[in-house]
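Peer 1: model the structure of this input:
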Amino acid sequence: MFHPFKELHLSQVIPDVIPSVFRSSNWSSYIWLPFIYFLYNAGFRLSIYVSHVCLHICDFSMDVKLEQRANIKFCVKLGKSGAETFEMIRRAYRNEAMSRVRCFESHACFKRGRTSLEDDERSGRPSMSSTPKNVETIRRLVDEDRQRTIKDIAAIVNVSYGTVQTILTCDLNMHHVAAKFVLLTPEQKEHHIAICQELRQRAVDDPSFMSRVITGDESWVHGYDPETKQQSSQWKSPGSPRPKKARQSRSPTKSMLIVFFDIRGIVHHEFLPEGQTMNAKFYCNVLCHLREDIRQKRHELWCAGNWLLHDDNAPSHRALVTHEFLAHKDIITLPHPPCSPDLAPCDFFLFPKMKLQLKGRRFDRVEEI
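Peer 2: From the prediction side, this is the model:
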């Protein structure tokens, strides 16, 4: 039976309750302060006999939960009951004290012989959503659009946000990174300047040059795209409250728009069918549709055969199959330097103006878009 006034030596009690991770052959490495402070608040008289030993208190901040468990283990070593232990824990830690149920559970575990202060490892509930089918579906969705968000993918596949995140990071080993600002090499800069000078000179030498150019590109159009901050602004008087706007995001419903235009307007446009990827074979079919629209809408260019095609350096535009198609149909193309959206009219003119008009409007189906 433990007597509250019995004198104890540190070497008899404290080393048995210090976790193994803090044990050392050097006595100065022990953490004495939490235990002495605990016993002091519990009302015990502790006489510590130390001869020719200097105790240094380490600068250490133990997790509160583990610290309380260590003190509960200390009380078990002293033969204290669960109720007495909880009362001392409550008095010492006050608002940070663990609940009565947790205290009694820890007391019972240490009484049965438990030594570790850490939580037991949990196997967790097996995931039923990380199936090979879902992994392959998510892989396909990301390949179609590298800018898809986890929220969009979760809505399409009908699984949880965490499941999609786990599949992307663990199963597919993917990471979401921001686009890197591309610095052109000196050779690319010279190539860029040379092409710009060539196009400028052709426009000076041939007054009809700009009227013969037909440029095109692709872009995603969402069923709902939130308004910009400028579009959602409104007038208010000094006494009226500031308007509030809920955070919104783009809808997962979207379709890829393919459009070609010249100085007179749109020549051809179509949408990428659902489930179809923008590859070289499909792009050649688009060019066939473009040629037919040129024959009907720009008959003078069709008869003269001197219209010029301008597009960017997308993989489908520069594939071998596409080059063979252009050569077979005698389609003249204009050069486009790499990493140059400033030379693509669709990127800096058409798409920004078009999408600005669609912001705030909602389309529930691809057909409505």
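
Peer 1: am I right that Lys229 is in a helix?
Peer 2: No. With DSSP: H, G, I helix; E, B strand; the rest coil as the criterion, Lys229 is assigned coil and is not in a helix.

Peer 1: going forward, begin numbering at 19 instead of 1
Peer 2: In the new numbering, first residue 19, that becomes Lys247.

Peer 1: burial check on it, number of neighbours?
Peer 2: 8 (other CB atoms under 10 Å). In this view, the C-beta of every residue, glycine as well, is placed from N, C-alpha and C.

Peer 1: how near is it to Ile232?
Peer 2: Remark: distance between Lys247 and Ile232 (CB to CB, to the nearest Å) = 35 Å.

Peer 1: likewise for Ile312?
Peer 2: The gap separating Ile312 from Ile232 is 7 Å, by CB to CB.

Peer 1: which neighbours do these two share?
Peer 2: Common neighbours of Ile312 and Ile232 are listed as Val285, Leu319, Trp325 (criterion: CB atoms under 8 Å, 6 or more residues apart in numbering).

Peer 1: surely the last one meets Glu318?
Peer 2: By that I understand Trp325. No. Trp325 is beyond contact range of Glu318, at 9.5 Å (criterion: CB atoms under 8 Å).

Peer 1: any stretches of the stretch 119-268 of the chain with poor pLDDT?
Peer 2: For the stretch 119-268 of the chain, applying pLDDT under 70 flags the ranges 139-146, 197-200, 252-255.

Peer 1: can you tell me the SS state at Thr295?
Peer 2: Strictly by three-state DSSP, Thr295 counts as coil.

Peer 1: how many neighbours does the spatially closest residue to it that is not a sequence neighbour have?
Peer 2: Nearest residue to Thr295, sequence neighbours excluded (CB to CB, 6 or more residues apart in numbering): Glu162, at 6.2 Å. Glu162 is flanked by 15 other residues according to other CB under 10 Å.

Peer 1: state the distance from Asp243 to Arg265.
Peer 2: For Asp243, the distance to Arg265 equals 14 Å [CB to CB].

Peer 1: same question but for Pro333, I mixed them up
Peer 2: According to CB to CB, Pro333 and Arg265 sit 35 Å apart.

Peer 1: could you check which helix or strand contains Ile276?
Peer 2: Using DSSP states H and E, the element containing Ile276 is strand 272-280.

Peer 1: tell me the gap between that strand and the middle of its chain.
Peer 2: 28 Å (CA atoms, centre = their mean, to the nearest Å).

Peer 1: need the next SSE after it, C-terminal direction.
Peer 2: Per DSSP H and E, the first helix or strand lying C-terminal to strand 272-280 is strand 283-289.

Peer 1: quickly run through the sheet partners of that following strand, with directions.
Peer 2: Using DSSP bridges, strand 283-289 pairs in its sheet with strand 272-280 (antiparallel).

Peer 1: pull the residues that contact the partner strand.
Peer 2: Here strand 272-280 makes contact (CB under 8 Å, 6+ apart) with 229-241, 284-290, 292, 296, 304, 308, 311, 316, 363-364, 368, 384, 387.

Peer 1: ranges for the helices of the protein?
Peer 2: Along the chain, counting by DSSP state H, helices occupy 28-35, 51-59, 82-96, 100-111, 118-129, 150-162, 168-175, 179-184, 204-223, 298-315, 317-322, 338-346, 363, 369-376.

Peer 1: who has more neighbours, Ile312 and Ile232?
Peer 2: In this view Ile312 and Ile232 are compared by other CB under 10 Å, and Ile232 has more residues nearby, 23 against 19.

Peer 1: just give the nearest non-adjacent residue to the more buried one, would you?
Peer 2: Asp280 (4.9 Å).

Peer 1: the one you found and Thr295: what is the separation?
Peer 2: 27 Å.

Peer 1: what does Val175 give?
Peer 2: From Val175 to Thr295 the distance is 18 Å (CB to CB).

Peer 1: with His240 instead?
Peer 2: His240 is 19 Å from Thr295, where distance means CB to CB.

Peer 1: kindly report the same for Thr340.
Peer 2: 15 Å.

Peer 1: which of the two has more neighbours?
Peer 2: Legend: neighbour count by other CB under 10 Å for Thr340 and Thr295, higher for Thr340 (21 against 13).

Peer 1: excluding chain neighbours, what is closest to the more buried one?
Peer 2: Ala298 (5.0 Å).

Peer 1: that neighbour and His335: what is the separation?
Peer 2: 8 Å.

Peer 1: same deal with Leu308?
Peer 2: The value you get for Leu308 to His335, if CB to CB is used, is 13 Å.

Peer 1: Ala264: what's it in contact with?
Peer 2: For Ala264, the contact set (CB under 8 Å, 6+ apart) is empty.

Peer 1: between Pro333 and Arg265, point out the one with more neighbours.
Peer 2: Higher neighbour count among Pro333 and Arg265: Pro333, with 11 against 5, using other CB under 10 Å.

Peer 1: quick check: chain neighbours aside, which residue is closest to that one?
Peer 2: Nearest in space to Pro333, with sequence neighbours left out and distances taken as CB to CB, 6+ apart, is Ala298 at 7.6 Å.

Peer 1: try His193
Peer 2: Closest residue in space to His193, ignoring its immediate chain neighbours: Thr187 at 7.0 Å, by CB to CB, 6+ apart.

Peer 1: give me the neighbour count for the one you found.
Peer 2: 13.
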